[in-house]
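[1] This is the structure alone, sequence omitted:
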Ligand code: AMP
């Protein structure tokens with residue numbers, strides 16, 4: 001199947017061809033005709049499947065088809081994303097695919113001055129990409145009008161709910177017209193997502209490109225069992241001995257990301273950290289340096305890494321496993337994108353064996369374990385509770401993987417009571433601080 005046969009406008013076909021795409025990806029084949037027909041859509045897709053073009057191309061086509069209102073351009077399409085980086089990336093895609101069309105797009109997110117955004121909104125834009133927090137700031141300052149929205153896209157909706165954005169999303173939904181086309185994308189489907197979509201989508205087309213909760217087949221996965229205190233040494237050795245030039249490394253905490261990045265620099269491996277406590281400028285710079293090859297290693301926390309699209313990223317290392325098993329799929333989805341091969345390596349210490357089990361249960365397969373010679377774990381070391389953040393909450397060994405089908409709380413959540421609720425709230429707060 002070709003892009004031409006999907007019925008997209010010539011200007012879009014030109015942009016797609018200039019982007020170097022030969023044929024639509026599976027999600028694009030299914031989503032583009034459905035969106036062009038004006039249908040609501042619920043899309044389940046792995047990261048890196050080309051879903052951004054899957055919704056952006058038909059969205060631009062439809063905006064060109066619908067009558068252009070007189071006077072100042074009202075915002076006619078709104079794309080909500082959970083993180084600043086993803087917002088910036090989607091906005092870039094909108095510009096790329098729409099470059100031959102007379103439509104204007106803009107992006108707003110937190111962590112940067114609001115004034116240029118106000119000016120941009122005042123000048124009028126057709127398509128707005130936004131994170132929920134900053135969008136609500138604009139709404140409260142009356143600098144935005146959502147009453148002419150024709151198409152609403154919720155990208156990575158699962159993550160927006162996970163980050164505690166549900167109330168913000170509901171506030172936004174109350175301000176957009178009831179009659180509109182709604183597209184919802186989510187890598188994983190929880191009951192919460194189904195509940196949200198039931199109230200939001202009208203007779204949606206359901207598209208699920210990959211099986212639910214599966215990791216990309218193109219990513220080779222391996223676990224290196226290693227003692228916690230020897231992880232850094234092993235990481236430096238892996239990077240050095242393989243001469244890896246571009247590695248995305250995940251840690252669980254912001255402090256851990258900073259410390260590891262500093263240590264790698266000391267080892268002579270150029271590195272930068274990216275997380276929610278960094279200024280937006282520092283985040284953008286770190287990402288640009290990583291993409292351009294100025295630094296070899298980008299050490300990231302989960303939130304900051306959401307939606308990062310780095311062309312042909314060959315290596316992802318889980319320096320620490322995530323507390324939430326689904327994050328593992330998102331992390332390793334940073335490699336093996338758009339048809340390329342990728343390699344995901346996890347350095348796992350005895351404390352993390354339960355997290356590893358949760359992940360293997362979720363992806364329904366065992367990840368090969370390969371002890372690295374000279375780094376075999378010391379069997380006398382006993383598991384300790386996992387520390388999350390400086391002096392912060394301890395993660396117990398049971399139920400680390402929240403069961404999202406029960407509203408983000410694990411099965412034994414009732415018995416854990418307030419403590420669990422507080423930590424869950426803290427997690428949402430931390431994640432929101434990273435994003436909006
Ligand atoms: P996404 O899943 O939207 O983040 O896209 C992942 C990557 O795939 C991006 O780098 C896109 O530029 C690329 N991409 C999207 N559609 C295609 C296509 N049809 N052919 C080749 N690459 C694509």
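    Nice, I can see it. Quick caveat, the model's predicted, so the values are computed rather than measured.

[2] List of residues touching the helix or strand containing residue 159?
    Assignment of secondary structure by DSSP states H and E places residue 159 within helix 157-162. Helix 157-162 is contacted from outside by 80-83, 132, 154, 166, 169, 184-190, 192-193, 196-197, 306, 324, 326, 330, 404, 408, 428, 431, using C-beta atoms under 8 Å, 6 or more residues apart in numbering. From N, CA and C alone the C-beta is placed, and that goes for glycine too.

[3] Narrow the residues you listed to those in helices?
    132, 166, 169, 192, 193, 196, 197, 326, 330, 428, 431 (DSSP state H).

[4] hmm, which two among those residues are most spread apart?
    For the ones in helices among the contacts of helix 157-162, the farthest-apart pair by C-beta to C-beta is 197 and 431; their separation is 21.0 Å.

[5] neighbour-wise, which of those two wins?
    residue 431 (23 against 20; other C-beta atoms under 10 Å).

[6] Which pLDDT value belongs to that one?
    The per-residue pLDDT reported for residue 431 equals 51.

[7] And residue 20, by the same measure?
    89.

[8] Now do it against residue 13, distance only.
    According to C-beta to C-beta, to the nearest Å, residue 20 stands 13 Å off from residue 13.

[9] Who has more neighbours out of those two?
    When neighbours are counted by other C-beta under 10 Å, residue 20 and residue 13 differ, and residue 13 comes out ahead with 17 against 6.

[10] and residue 278, that's in a strand?
    No: assigned with DSSP: H, G, I helix; E, B strand; the rest coil, residue 278 falls outside any strand and is coil.

[11] surely it meets residue 285?
    No: look at residue 278 against residue 285 with C-beta atoms under 8 Å: they stay out of range, at 9.2 Å.

[12] quick one: which of the two has more around it?
    Neighbours per residue (other C-beta under 10 Å) separate residue 278 from residue 285, with residue 278 holding more: 21 against 16.

[13] Any chance of the backbone angles for that one?
    Geometry field for residue 278 lists phi and psi as phi -80, psi 150, criterion degrees, to the nearest 10.

[14] do the same with residue 348
    When read as degrees, to the nearest 10, the backbone of residue 348 gives phi -120, psi 120.

[15] Share the number of residues neighbouring it, please.
    Neighbour tally, residue 348, other C-beta under 10 Å: 23.

[16] beta partners of it?
    residue 225 (DSSP bridges).

[17] doesn't residue 226 make contact with it?
    Yes: shown here, residue 348 and residue 226 form a contact pair, counting by C-beta under 8 Å, at 7.1 Å.

[18] Listing request: residues of the protein with sub-threshold pLDDT.
    46-48, 68-70, 210-218, 304-312, 336-341, 388-436 (pLDDT under 70).

[19] what domains does the record give for it?
    Each domain of the chain is listed here as a residue range: 3-208, 219-363, per automatic domain parsing.

[20] could you redo these as JSON lines and give each row distance to residue 381?
    Output for those, formatted as JSON lines (distance: least, C-beta to C-beta, whole Å):
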{"stretch": "domain 3-208", "distance to residue 381": "32"}
{"stretch": "domain 219-363", "distance to residue 381": "6"}
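
[21] where does the residue lying farthest from the centre of the chain land in three-state SS?
    Distance to the chain centre peaks in the chain at residue 380, reaching 38.2 Å (criterion: C-alpha atoms, centre = their mean). Following three-state DSSP, residue 380 is assigned to coil.

[22] Distance of it relative to residue 356?
    From residue 380 over to residue 356 the distance is 20 Å, taken as C-beta to C-beta.

[23] repeat for residue 23
    Counting by C-beta to C-beta, the gap from residue 23 to residue 356 is 37 Å.

[24] what about residue 196, how many neighbours?
    By the measure other C-beta under 10 Å, the count of residues near residue 196 is 22.

[25] how about it, what does it touch?
    Contacts here follow C-beta under 8 Å, 6+ apart; on that basis residue 196 touches 157, 161, 166, 169, 184.

[26] ok, which pair from the residues you listed is furthest apart?
    166 and 184 (13.2 Å).

[27] Please say which of those two ends up with more neighbours.
    Neighbour totals were compared for residue 166 and residue 184, and residue 184 leads with 24 against 18 (other C-beta under 10 Å).

[28] for that one, what are its contacts?
    So residue 184 contacts 41, 42, 43, 153, 154, 157, 193, 196, 197, 200, 201, 204 (C-beta under 8 Å, 6+ apart).
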